[in-house]
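[1] Please work out how this folds:
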Amino acid sequence: MGIKNNIAKFSTLLASRGARLVAVSKTHSVERIKEAYEAGQRIFGENKVQEMTEKQPQLPPDIEWHLIGHLQRNKVKYVAPFVALIHAVDSLRLLEEINKQGEKCGRIIPCLLQVYIASEETKFGMDADEVRALIASGLVEKLTHVRIDGLMGMASLTDNQSKVRTEFKSLKSLFDELNQRSLPPNVQMKELSMGMSSDYALALEEGSTLVRIGTAIFGERPPLPR
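    Have a look, this model is predicted:
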């Protein structure tokens, strides 16, 4: 199936479960993103700041750009003017830098807190206690140009479905727990970003609202230049 059919399939499936599709366009060309756009897709996810800032001016202005990869503080300024959602905020220091750059741009930047749920050393994120402590600290509400919209997590890359489900369940449990709390004015538990091409079905079953799918839409990524 082509990009158009893949977009239609996933958009319909996710909408039926109350979720939205983030089409992960990293390493794919502007032309292929245009094809997905013409099929009705408006949310695109990129891992790298440089790639996102190169593509953004070449594409329609109503695209919602989501930064889904690890973000270094010194690169926040490049995406601050236009990014629609930063998925992987893993520290107070990063939030403070996003706030600083949001103030410079005169906009409030929506973010998700990344929670470490996998059993892999390569994944970033805070643990559940760190998230609870950050939200309760009184520091987040002082960041007037940041809005926390929910949580994001990446499950282990494994064929063990029960392990992946358990990891997603733990994130949804934290999400639900925080939703029961009295949260700062600029914090809301609205979005739960979990699930990729390999595990989106489990993520949907466990309550994801944003599913990040690349390979199952665009096909295998082109090889990186040597």
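
[2] for the chain, which spans come out with low pLDDT?
    Within the chain, the segments meeting pLDDT under 70 span 120-123, 222-226.

[3] all helices of the chain, in order?
    Taking DSSP state H, the helices of the chain run over residues 3-16, 30-38, 49-55, 76-79, 92-105, 128-136, 161-179, 200-205, 215-218.

[4] ok, the residue positioned nearest the centre of the chain - contacts?
    Residue closest to the mean C-alpha point of the chain, counted by CA atoms, centre = their mean, is His87 at 3.3 Å. By CB atoms under 8 Å, 6 or more residues apart in numbering, the residues touching His87 are Gly45, His66, Leu67, Ile68, Cys111, Leu112, Gln114, Met152, Ser193, Leu210, Arg212. Every residue, glycine included, has its C-beta placed from N, CA and C.

[5] 6 Å - rerun?
    Ile68, Leu112, Met152, Ser193 (CB atoms under 6 Å, 6 or more residues apart in numbering).

[6] correct me, but the first one touches Ile43?
    This means Ile68. No - Ile68 is not in contact with Ile43 according to CB atoms under 6 Å; the separation is 10.5 Å.

[7] which of those two has more neighbours?
    Ile68 (28 against 18; other CB atoms under 10 Å).

[8] Pull the contacting residues for that one.
    Gly45, His87, Arg212.

[9] do the same with Gly102
    Gly102 neighbours (CB under 6 Å, 6+ apart): Ala80, Ile109, His145.

[10] How about it: what's its closest non-neighbour residue?
    Leaving out its chain neighbours, the residue that sits closest to Gly102 by CB to CB, 6 or more residues apart in numbering is His145, at 3.2 Å.

[11] Pull the number of nearby residues for Arg181.
    Number of residues near Arg181 (other CB under 10 Å) recorded here: 12.

[12] ignore the last one, Glu220
    Neighbours of Glu220 using other CB under 10 Å come to 8.

[13] For it, grab phi and psi.
    Backbone torsions for Glu220, taken as degrees, to the nearest 10, come to phi -60, psi 150.

[14] Return the distance of it relative to Thr27.
    As judged by CB to CB, to the nearest Å, Glu220 and Thr27 stand 10 Å apart.

[15] Likewise for Thr166?
    Computed as CB to CB, the Thr166 to Thr27 distance reads 31 Å.

[16] next one: Phe175
    Where Thr27 is concerned, Phe175 sits at a distance of 30 Å (CB to CB).
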